[in-house]
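> okay, here's the prediction I keep looking at, along with the sequence it came from:
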Amino acid sequence: MALGLPENVFIANLDKLANWVRANSLWPMPFATACCGIELMAVGASRYDIARFGAEVMRFSPRQCDLMIVAGRIVMKMLPVLQRIWLQMPEPKWCISMGACASSGGVFDTYAVVQGIDRFIPVDLYIPGCPPRPEQLIQAVLDLQEKIRRTGTLTGREFQQRTQLQTPQLLTAPPSDLIVAPGDYRTATQRWPADDKSSSVSSSRWPLPQVN
Amino acid sequence: MPLELVETWDEFTDQKQYLYTLNFGPQHPATHTTLRLILTLEGEKVVRAVPDIGYLHSGFEKLGEDLNYNQYVTIVDRMNYISPVANEIAWHHVVEKLLGIEITPRCKYIRTILAELARISDHCLNIGTAALDLGAFTPFLYAFYQREQIYDLIQEASGQRFHPSYTRIGGLMYDIRDDWIRMVREFVQTFPKAHSDIHRLLTRNRIFVERTKGIGILPRELAINLGCTGPVARASGVVRDLRKDEPYLAYGELRDTFQVVCATSGDCYARYLVRMEEMLESLKIIHAAIENLPAGPVNIDVETKEVLPPKPDTWRTIEGLIQHFELIMTNRGLETPHEEIYGAIESPNGELGFYIVADGTDRPYRCRTRPPSFVHFAVFPYLAVGHQISDMVAILGSLNIIAAELDR
Amino acid sequence: MLQSMIAGEQLLETLRERTGCPAISFSTFRDNYRILVPREYIYVVLQCLKEGFGFNMLVDITAVDYLYYPDARHRFCVVYCLLNTQTGQRLIVKTFLDEPDLNLPSAFSLWKAADWLEREVYDMFGIIFEGHPDLRRILLPESFADFPLRKDYPLRGRGERHDFPAISRAES
């Protein structure tokens, strides 16, 4: 007040101001591949109406968006597309991994499905559920707004330090057909000692595949 | 890759310089989920369309060989994700055919009601999004509100709104409550209003009609030759509906309550009209089924050792627990014949079939899905040629391609 | 049921007569009627079924890998599901294949529906359909090396699904 500002002029921290603006006008890029995509549509439709939280401007062009919602499983063939679209989005940008399949592969632990998109692109927020209820997605948007308000900086300084993926790292264990004890519970795979190949599990239904 | 194929395609060599290749998808609003088209254009006219699919191939069939007959229902759910219940019913219909189980009348009727609710919700979404792609936003909101009502019904019955996994071999997860009957009756009364709202918004809407009429004509002979089923085939004049032709569940008893909706022109508008009318026919089936819902048990007799005992029994009685374990333990489980079977039902999209090879254990040796979307998308190159690029969206919308069912 | 059996026997007789193949066998299970055809005759039989018996719709083509099936004598089986849209009659035609010769004539010239269905069988099992206009992989990427629905391919793959570069936050 000592400065003698006019009535409609405020002084604020520039970072905070930017965060306030960014958080309340998220433009989602719906990367909807499967079931979760339909729930994403439900969130946009009449009953749940995400417009109440300022995130209803779904744009299918990545150049116009700042929030990517990955809804549905991502498979081998789709992953390069996902990465390319992520790179096409301008900064600042955030990513929500919606549903179990996008976050961890979900029930689809098969040869084609990527076991969590966070192995390949950065993710800010995970939503559990298969598919998550619309309320969960709305809560996720609110949480993301909170995150933006707390951590964002105008020039994106907080991202510059993150040169490594701060997520589950790639598995180095060989692929296995079965998960059985004694296994490595941390990586959820069976251990393959070099000399113990012959005494493989006898209770398995099929002979185990040859693992090099 | 297909892009090179267009280059080496010599039919248009002398005018190749005028042709133009456009990539459409896999991430595009009108592809609904993940489809990709490589269009060869002459000006704005499509000369050739090459679909490229597999952007959602997740190994459903391989996964089915690893899960048992009851577990696989959760995976089947995720196949056609705009009407999951229909997939469950299809899967367990075929499994019960394999095992020779005749389910109880009450279960038949409940499954019939659920299948028809799924059909309505599928058609609602298809019409809503097809209109959305053509620029009409309001019908989408109206249609989606009706879907929410159906979600509520399914949630009330099964506990889950989207992927209920409600069916089990020989019955259902649990019986419905009386309250559900009231809710279904309410839905039967309120839906015609919403249907007529959509009808008034679209059927005589000049923009919608001009963008769909005469677009993507599928002649009857071609429809049969390409293996089309369901609304796509019926819009082309193929009078075939498995609900009438090979009655399953309660459709045999209810066959006088509904009619098979057909059209002859085979264009996008005809497919739209067929879907609109089918919703009303489905409503008639639901009405007849809910009023004639038989009493009695919903599951077959537990003594047959094929159905899981009710959950209270499993938790509270030793017999129930033993029966439960007899079925779910890996070295016990169901006994299946060493046989192969093909069975199909009329899913909202067309003939959804399963080809199961059983090897005596409680897991399928091979479970092939016959997906209607896969067959219907193969039709697309025939429909696209000669139309303008903006019509691609209308044709895609009218075929109702569901990527997860397409790629599995 | 009995009448259908008689109809099946009649169909079989006519089929043997017209195609000149004595080794066609017939079986039923529930409401499925199946004929087993030696692979050399598969195209002739399909053609005869389409043109002589009115099976004008090809509902499905699929394959089965019998590698671990109890008492199986052959490795692969290709299954054609046919439908007569006039009478509603269904017929399943099966033929066995063994490695190394995994070739079959394509049914594309009879039913256009065979186009994508055969491509899928090729993609998943590696069975080659001769005469198919465009036999490429359909669901998996072109660079994929294996045939995933074969029984000797593990459910979780051989690491293909994670063979991609990762993008960190600083790079994007």
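Looks like it arrived, so ask away. Numbers count the residues shown, from 1 in each chain, chains lettered A, B, ... in the order given.
> from here on, contacts and neighbour counts on C-alpha atoms
Will do.
> got the residues of chain B near chain A?
Chain B has residues B:26-29, B:32-34, B:54-60, B:62-63, B:75, B:78, B:81-82, B:140-142, B:144-145, B:148, B:162-163, B:403-404 near chain A, with proximity defined as Cα under 8 Å from any Cα of the partner chain.
> check the residues you listed against chain C, which are close?
Near chain C, by the rule Cα under 8 Å from any Cα, you find B:54-55, B:57, B:62-63 out of the residues of chain B next to chain A.
> would a markdown table of those with secondary structure, distance to C:A107 and pLDDT be doable?
Shown next, in a markdown table, are those (DSSP: H, G, I helix; E, B strand; the rest coil; distance: Cα to Cα, whole Å; pLDDT from 0 to 100):
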| residue | secondary structure | distance to C:A107 | pLDDT |
| --- | --- | --- | --- |
| B:G54 | coil | 23 | 86 |
| B:Y55 | coil | 26 | 88 |
| B:H57 | coil | 25 | 89 |
| B:K62 | helix | 25 | 89 |
| B:L63 | helix | 29 | 89 |
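> pLDDT below threshold where in chain C?
Residue ranges of chain C with pLDDT under 70: C:1-6, C:172.
> show me where it has its strands.
Counting by DSSP state E, chain C has strands at residues C:25-29, C:32-36, C:57-65, C:76-83, C:90-97, C:103-105, C:128-130.
> what's the most buried one of the ones you listed?
strand C:57-65 (a mean of 25; mean count of other Cα atoms under 10 Å in any protein chain shown).
> angle of that one against strand C:90-97?
40 degrees (axes from the mean of the first three to the mean of the last three Cα atoms, to 10 degrees).
> and strand C:57-65, which strands flank it?
Its sheet considered, strand C:57-65 pairs with strand C:76-83 (antiparallel) by DSSP bridges.
> enumerate the residues of chain A near chain B.
A:31-35, A:37-38, A:42, A:45-47, A:60, A:73-78, A:81, A:107-108, A:110-113, A:130-131.
> OK, contacts around B:I290?
B:109, B:113, B:181, B:184-185 (Cα atoms under 8 Å, 6 or more residues apart in numbering or on different chains).
> same question for the helix or strand containing it, mean pLDDT?
For B:I290, the host element (DSSP states H and E) is helix B:268-291. Summarised as a single mean, pLDDT over helix B:268-291 is 92.
> which elements pack onto the next helix-or-strand element following it?
Using DSSP H and E, the helix or strand that follows helix B:268-291 in sequence is helix B:311-316. On a contact count with 3 or more Cα pairs under 8 Å, 6 or more residues apart in numbering or on different chains; DSSP states H and E, helix B:311-316 meets helix B:318-328.
> remind me, longest helix of chain C?
For chain C, the helix with the greatest residue count under DSSP state H is helix C:2-19.
> so which of the ones next to chain C among the residues of chain B next to chain A is the most crowded?
Counting by other Cα atoms under 10 Å in any protein chain shown, B:Y55 has the largest number of neighbours within these, with 31 neighbours.
> that one reaches B:E405, doesn't it?
No. At 11.6 Å, B:Y55 does not count as touching B:E405 under the criterion of Cα atoms under 8 Å.
> off-centre distance for stretch B:19-38?
23 Å (Cα atoms, centre = their mean, to the nearest Å).
> contact partners of it?
Contacts for stretch B:19-38 (Cα under 8 Å, 6+ apart): A:31-34, A:37, A:60, A:81, B:2-3, B:39-43, B:49-56, B:133, B:393, B:396-397, B:402-403.
> ends of that stretch, what's the gap?
13 Å (Cα to Cα, to the nearest Å).
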